[in-house]
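Visitor: Give me a model of this one.
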Amino acid sequence: MLLGGCASKGATAAATGLAGATKPGGSTAPGATTPTGSSATSGGGPTSHPSSAMGGAPFPGQDPSGSDVSNTAPGGHTSDAPPAAGHPQFYVHEGDKAIALTIDDGPSSKYTPQVLALLAQYKIPATFCMIGESADKHASLVAEVSAAGHLVANHTWTHPNLSKMTAAHVTAEIERTNDAITKGGAKQPVLFRAPGGNWSPTVFQVCAKLGLRPLDWSVDPRDWSRPGTDHIVQNVLSHTKTGSIILEHDGGGDRSQTVAALQRFLPQLLEAGYHFVQP
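Guide: Reported below is the predicted structural model:
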(Lines give C-alpha, C1' and ligand atoms only; values in the text may rest on other atoms or scores of the structure.)
Protein backbone atom coordinates (compact mmCIF):
# COMPACT_ATOMS: atom_id res chain seq x y z
CA MET A 1 0.00 0.00 0.00
CA LEU A 2 1.34 3.41 -1.01
CA LEU A 3 0.76 5.78 1.87
CA GLY A 4 0.40 9.47 1.23
CA GLY A 5 2.99 10.41 3.82
CA CYS A 6 2.51 12.33 7.03
CA ALA A 7 2.19 15.82 5.60
CA SER A 8 -1.43 16.56 4.91
CA LYS A 9 -3.22 17.87 1.85
CA GLY A 10 -3.87 21.54 1.42
CA ALA A 11 -1.41 22.66 4.07
CA THR A 12 -0.42 26.32 3.89
CA ALA A 13 3.27 27.04 4.20
CA ALA A 14 4.55 30.01 6.16
CA ALA A 15 8.22 29.52 6.84
CA THR A 16 9.08 31.11 10.17
CA GLY A 17 11.97 30.67 12.57
CA LEU A 18 11.77 29.83 16.26
CA ALA A 19 11.95 33.51 17.16
CA GLY A 20 8.96 34.20 14.96
CA ALA A 21 6.56 31.67 16.44
CA THR A 22 3.36 33.26 17.67
CA LYS A 23 1.65 32.95 21.00
CA PRO A 24 -1.88 31.55 21.31
CA GLY A 25 -4.32 34.07 19.94
CA GLY A 26 -1.92 35.16 17.21
CA SER A 27 0.22 37.67 19.10
CA THR A 28 3.89 37.64 18.30
CA ALA A 29 6.36 36.61 21.00
CA PRO A 30 8.40 39.50 22.50
CA GLY A 31 11.10 40.65 20.13
CA ALA A 32 9.97 38.23 17.44
CA THR A 33 9.27 38.95 13.82
CA THR A 34 7.13 36.92 11.48
CA PRO A 35 8.58 36.83 7.97
CA THR A 36 6.31 36.33 5.04
CA GLY A 37 6.17 32.72 3.89
CA SER A 38 5.14 31.00 0.70
CA SER A 39 2.27 28.61 0.16
CA ALA A 40 2.55 25.07 -1.07
CA THR A 41 0.33 22.06 -1.37
CA SER A 42 1.19 18.75 0.16
CA GLY A 43 -0.50 15.52 -0.85
CA GLY A 44 -0.77 13.30 2.18
CA GLY A 45 -4.27 13.71 3.55
CA PRO A 46 -7.54 15.60 3.33
CA THR A 47 -7.03 18.30 5.95
CA SER A 48 -4.54 21.06 6.65
CA HIS A 49 -1.65 20.50 9.03
CA PRO A 50 0.33 23.22 10.83
CA SER A 51 3.81 21.76 10.67
CA SER A 52 6.51 24.41 10.86
CA ALA A 53 9.56 25.18 8.78
CA MET A 54 12.21 26.34 11.17
CA GLY A 55 13.43 29.13 8.91
CA GLY A 56 16.67 30.74 10.01
CA ALA A 57 19.94 31.11 8.18
CA PRO A 58 20.55 28.53 5.45
CA PHE A 59 23.70 26.49 5.20
CA PRO A 60 26.39 28.06 3.00
CA GLY A 61 25.34 27.96 -0.63
CA GLN A 62 21.76 27.02 0.21
CA ASP A 63 18.76 29.08 -0.96
CA PRO A 64 15.72 28.53 1.25
CA SER A 65 13.49 30.17 -1.34
CA GLY A 66 14.06 27.13 -3.52
CA SER A 67 12.33 24.84 -1.04
CA ASP A 68 8.75 23.76 -1.56
CA VAL A 69 7.99 23.94 2.16
CA SER A 70 4.69 22.72 3.57
CA ASN A 71 5.36 23.43 7.22
CA THR A 72 3.70 26.33 8.99
CA ALA A 73 4.88 27.43 12.43
CA PRO A 74 2.03 26.59 14.82
CA GLY A 75 0.93 29.34 17.18
CA GLY A 76 2.15 28.99 20.73
CA HIS A 77 4.89 26.44 20.10
CA THR A 78 8.46 27.67 20.46
CA SER A 79 11.61 25.89 21.55
CA ASP A 80 11.81 27.41 25.03
CA ALA A 81 9.27 25.15 26.74
CA PRO A 82 7.48 21.85 26.09
CA PRO A 83 3.91 22.11 24.78
CA ALA A 84 0.98 22.21 27.18
CA ALA A 85 -1.30 19.22 27.67
CA GLY A 86 -3.62 18.73 24.72
CA HIS A 87 -1.05 19.94 22.18
CA PRO A 88 1.47 17.98 20.13
CA GLN A 89 5.23 18.39 20.46
CA PHE A 90 6.74 20.22 17.50
CA TYR A 91 10.24 20.77 18.90
CA VAL A 92 12.79 19.17 21.21
CA HIS A 93 14.08 21.10 24.18
CA GLU A 94 17.55 19.74 24.88
CA GLY A 95 19.64 22.87 24.50
CA ASP A 96 21.70 24.48 21.77
CA LYS A 97 22.06 22.55 18.49
CA ALA A 98 19.86 19.67 19.70
CA ILE A 99 17.59 18.26 16.98
CA ALA A 100 15.61 15.07 16.44
CA LEU A 101 15.11 12.74 13.49
CA THR A 102 11.84 10.86 13.07
CA ILE A 103 11.22 8.11 10.53
CA ASP A 104 7.60 7.30 9.64
CA ASP A 105 5.36 4.67 8.02
CA GLY A 106 7.60 1.62 8.38
CA PRO A 107 9.01 -0.76 9.06
CA SER A 108 9.90 -1.74 5.51
CA SER A 109 11.87 -4.86 4.67
CA LYS A 110 13.71 -2.92 1.94
CA TYR A 111 14.31 0.56 3.36
CA THR A 112 14.37 0.22 7.15
CA PRO A 113 17.61 -1.81 7.13
CA GLN A 114 19.22 0.84 4.89
CA VAL A 115 18.16 3.62 7.26
CA LEU A 116 19.40 1.65 10.26
CA ALA A 117 22.79 1.19 8.61
CA LEU A 118 23.16 4.93 8.05
CA LEU A 119 22.12 5.74 11.62
CA ALA A 120 24.67 3.23 12.92
CA GLN A 121 27.36 4.68 10.67
CA TYR A 122 26.84 8.19 12.06
CA LYS A 123 25.87 7.07 15.59
CA ILE A 124 22.54 8.89 15.44
CA PRO A 125 19.55 7.94 17.62
CA ALA A 126 16.18 8.30 15.91
CA THR A 127 12.49 7.74 16.54
CA PHE A 128 10.63 5.32 14.26
CA CYS A 129 6.89 6.03 14.09
CA MET A 130 5.57 2.65 13.00
CA ILE A 131 2.38 1.58 11.28
CA GLY A 132 0.82 -1.34 13.17
CA GLU A 133 0.14 -3.43 10.07
CA SER A 134 3.79 -3.14 9.02
CA ALA A 135 5.09 -3.77 12.53
CA ASP A 136 3.00 -6.92 12.71
CA LYS A 137 4.28 -8.09 9.33
CA HIS A 138 7.94 -7.26 10.04
CA ALA A 139 8.26 -8.05 13.73
CA SER A 140 11.96 -8.84 13.42
CA LEU A 141 12.60 -5.29 12.20
CA VAL A 142 10.72 -3.87 15.19
CA ALA A 143 13.14 -5.78 17.41
CA GLU A 144 16.13 -4.67 15.34
CA VAL A 145 15.16 -0.99 15.54
CA SER A 146 14.66 -1.22 19.29
CA ALA A 147 17.86 -3.18 19.87
CA ALA A 148 19.82 -0.48 18.04
CA GLY A 149 18.71 2.04 20.66
CA HIS A 150 16.04 3.84 18.65
CA LEU A 151 12.63 4.77 20.03
CA VAL A 152 9.56 3.12 18.54
CA ALA A 153 6.46 5.32 18.45
CA ASN A 154 2.86 4.47 17.63
CA HIS A 155 1.61 5.73 14.23
CA THR A 156 -1.76 3.88 14.13
CA TRP A 157 -2.64 0.53 12.59
CA THR A 158 -3.79 1.67 9.12
CA HIS A 159 -2.67 5.33 8.79
CA PRO A 160 -6.20 6.86 8.73
CA ASN A 161 -7.36 10.44 9.24
CA LEU A 162 -8.06 10.25 12.96
CA SER A 163 -9.70 13.67 13.14
CA LYS A 164 -12.80 12.16 11.55
CA MET A 165 -12.96 9.10 13.82
CA THR A 166 -14.73 8.33 17.09
CA ALA A 167 -12.86 7.76 20.33
CA ALA A 168 -13.55 4.02 20.06
CA HIS A 169 -12.02 3.83 16.59
CA VAL A 170 -9.01 5.95 17.56
CA THR A 171 -8.44 3.77 20.61
CA ALA A 172 -8.62 0.59 18.54
CA GLU A 173 -6.10 1.92 16.00
CA ILE A 174 -3.66 2.82 18.76
CA GLU A 175 -4.07 -0.19 21.04
CA ARG A 176 -3.73 -2.69 18.20
CA THR A 177 -0.51 -0.99 17.13
CA ASN A 178 0.85 -0.97 20.68
CA ASP A 179 0.27 -4.72 20.81
CA ALA A 180 2.11 -5.31 17.52
CA ILE A 181 5.05 -3.16 18.60
CA THR A 182 5.47 -4.84 21.99
CA LYS A 183 5.03 -8.32 20.49
CA GLY A 184 7.79 -7.39 18.06
CA GLY A 185 10.16 -6.84 20.96
CA ALA A 186 10.10 -3.08 21.46
CA LYS A 187 9.10 -1.29 24.64
CA GLN A 188 5.56 -0.05 25.14
CA PRO A 189 5.38 3.19 23.11
CA VAL A 190 5.23 6.47 24.99
CA LEU A 191 4.96 8.63 21.85
CA PHE A 192 2.11 8.83 19.36
CA ARG A 193 2.10 10.55 15.98
CA ALA A 194 -1.20 11.18 14.19
CA PRO A 195 -1.07 10.43 10.45
CA GLY A 196 -1.04 13.68 8.49
CA GLY A 197 -0.77 15.61 11.73
CA ASN A 198 -4.55 15.34 11.86
CA TRP A 199 -5.15 15.97 15.56
CA SER A 200 -8.47 16.52 17.30
CA PRO A 201 -9.68 16.88 20.88
CA THR A 202 -10.75 13.24 20.70
CA VAL A 203 -7.27 12.13 19.67
CA PHE A 204 -5.67 14.11 22.49
CA GLN A 205 -8.12 12.64 24.99
CA VAL A 206 -7.35 9.09 23.87
CA CYS A 207 -3.62 9.78 24.02
CA ALA A 208 -3.97 11.06 27.58
CA LYS A 209 -6.02 8.03 28.57
CA LEU A 210 -3.45 5.64 27.10
CA GLY A 211 -0.42 7.50 28.48
CA LEU A 212 0.91 8.59 25.09
CA ARG A 213 2.58 11.91 24.34
CA PRO A 214 1.46 13.48 21.02
CA LEU A 215 4.42 14.02 18.68
CA ASP A 216 4.42 16.22 15.59
CA TRP A 217 7.29 17.66 13.52
CA SER A 218 8.75 21.02 12.50
CA VAL A 219 10.80 20.32 9.35
CA ASP A 220 8.99 18.52 6.54
CA PRO A 221 10.83 18.02 3.22
CA ARG A 222 7.85 16.08 1.83
CA ASP A 223 10.13 13.16 1.04
CA TRP A 224 7.12 10.86 0.75
CA SER A 225 6.16 12.69 -2.48
CA ARG A 226 9.54 11.84 -4.02
CA PRO A 227 10.42 15.44 -4.96
CA GLY A 228 14.03 14.51 -5.70
CA THR A 229 17.00 13.85 -3.44
CA ASP A 230 18.39 17.37 -3.96
CA HIS A 231 15.07 18.90 -2.88
CA ILE A 232 14.93 16.82 0.29
CA VAL A 233 18.51 17.68 1.22
CA GLN A 234 18.10 21.40 0.51
CA ASN A 235 14.85 21.61 2.45
CA VAL A 236 16.27 19.93 5.55
CA LEU A 237 19.52 21.90 5.56
CA SER A 238 17.76 25.19 4.90
CA HIS A 239 15.19 24.85 7.66
CA THR A 240 16.81 22.92 10.48
CA LYS A 241 17.59 24.94 13.60
CA THR A 242 18.01 24.21 17.29
CA GLY A 243 14.92 22.31 18.41
CA SER A 244 13.90 20.97 15.00
CA ILE A 245 12.09 17.67 14.69
CA ILE A 246 12.80 16.41 11.16
CA LEU A 247 10.26 14.21 9.37
CA GLU A 248 11.40 11.44 7.00
CA HIS A 249 9.88 8.13 5.85
CA ASP A 250 11.11 4.55 5.54
CA GLY A 251 7.77 3.00 4.52
CA GLY A 252 4.69 3.54 2.41
CA GLY A 253 6.35 3.34 -1.00
CA ASP A 254 9.62 3.93 -2.83
CA ARG A 255 11.92 5.57 -0.27
CA SER A 256 15.15 5.42 -2.25
CA GLN A 257 15.29 9.23 -2.43
CA THR A 258 14.93 9.44 1.35
CA VAL A 259 17.79 7.03 1.92
CA ALA A 260 20.00 8.93 -0.53
CA ALA A 261 19.08 12.24 1.12
CA LEU A 262 19.84 10.92 4.62
CA GLN A 263 23.25 9.82 3.42
CA ARG A 264 23.95 13.41 2.37
CA PHE A 265 22.38 15.62 5.02
CA LEU A 266 23.13 13.62 8.17
CA PRO A 267 26.92 14.17 8.01
CA GLN A 268 26.39 17.80 7.03
CA LEU A 269 24.22 18.42 10.09
CA LEU A 270 26.81 16.77 12.31
CA GLU A 271 29.59 18.85 10.75
CA ALA A 272 27.51 21.98 11.42
CA GLY A 273 27.56 21.14 15.13
CA TYR A 274 24.11 19.64 15.57
CA HIS A 275 23.56 16.60 17.78
CA PHE A 276 20.60 14.26 17.65
CA VAL A 277 18.33 13.54 20.59
CA GLN A 278 15.06 11.67 21.00
CA PRO A 279 11.82 13.54 21.80
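Visitor: so how far is Ala85 from Thr127?
Guide: Remark: distance between Thr127 and Ala85 (CB to CB, to the nearest Å) = 21 Å. Where you see a C-beta, it was placed from the backbone N, CA and C, and this is true even at glycine.
Visitor: So for those two, which residue has more residues nearby?
Guide: Using other CB atoms under 10 Å as the criterion, Thr127 and Ala85 rank with Thr127 on top: 24 against 10.
Visitor: wait, the more buried one sits on Pro279?
Guide: Yes. Between Thr127 and Pro279 there is a contact at 6.1 Å, judged by CB atoms under 8 Å.
Visitor: Find the residues that touch each one of these two.
Guide: Here Thr127 and Pro279 have 100, 102, 151, 191, 215 as joint contacts, going by CB atoms under 8 Å, 6 or more residues apart in numbering.
Visitor: check contacts around the last one.
Guide: The one in question is Leu215. By CB under 8 Å, 6+ apart, the neighbours of Leu215 are 88-89, 102, 127, 129, 153, 191-193, 245, 279.
Visitor: Which of the residues you listed fall within strands?
Guide: Members of the contacts of Leu215 lying in strands (criterion: DSSP state E): 102, 127, 129, 153, 191-192, 245.
Visitor: Export the contacts of Leu215 as TSV, with columns for distance to Asp136 and pLDDT.
Guide: Output for the contacts of Leu215, formatted as TSV (distance: CB to CB, whole Å; pLDDT from 0 to 100):
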residue	distance to Asp136	pLDDT
Pro88	25	97
Gln89	26	97
Thr102	21	99
Thr127	19	98
Cys129	15	99
Ala153	16	98
Leu191	19	98
Phe192	17	98
Arg193	18	98
Ile245	26	98
Pro279	24	96
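Visitor: so can I have JSON lines of these showing distance to Lys110?
Guide: Listed next are the contacts of Leu215 as JSON lines, based on distance: CB to CB, whole Å:
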{"residue": "Pro88", "distance to Lys110": "30"}
{"residue": "Gln89", "distance to Lys110": "30"}
{"residue": "Thr102", "distance to Lys110": "19"}
{"residue": "Thr127", "distance to Lys110": "20"}
{"residue": "Cys129", "distance to Lys110": "18"}
{"residue": "Ala153", "distance to Lys110": "21"}
{"residue": "Leu191", "distance to Lys110": "25"}
{"residue": "Phe192", "distance to Lys110": "26"}
{"residue": "Arg193", "distance to Lys110": "22"}
{"residue": "Ile245", "distance to Lys110": "25"}
{"residue": "Pro279", "distance to Lys110": "26"}
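Visitor: what pairs with Ala100 across the strands?
Guide: Note on Ala100: beta-bridge partners by DSSP bridges are Ile245.
Visitor: Hmm, it is touching Ile245, no?
Guide: Yes. With contact defined as CB under 8 Å, Ala100 reaches Ile245; the gap is 4.7 Å.
Visitor: overlap in contacts of the two?
Guide: In contact with both Ala100 and Ile245: 92, 279, using CB under 8 Å, 6+ apart.
Visitor: can I assume His159 is in contact with Asp105?
Guide: Yes. Applying CB under 8 Å as the test, His159 and Asp105 come out as touching, 7.0 Å apart.
Visitor: next one: phi and psi at Asp250?
Guide: phi -120, psi 0 (degrees, to the nearest 10).
Visitor: who's in contact with it?
Guide: Counting by CB under 8 Å, 6+ apart, Asp250 touches 103-108, 111-112, 115, 128, 258.
Visitor: what are the ranges of the strands in the chain?
Guide: Here the chain has its strands, by DSSP E, at 98-104, 127-130, 151-154, 191-192, 213-214, 245-249, 275-276.
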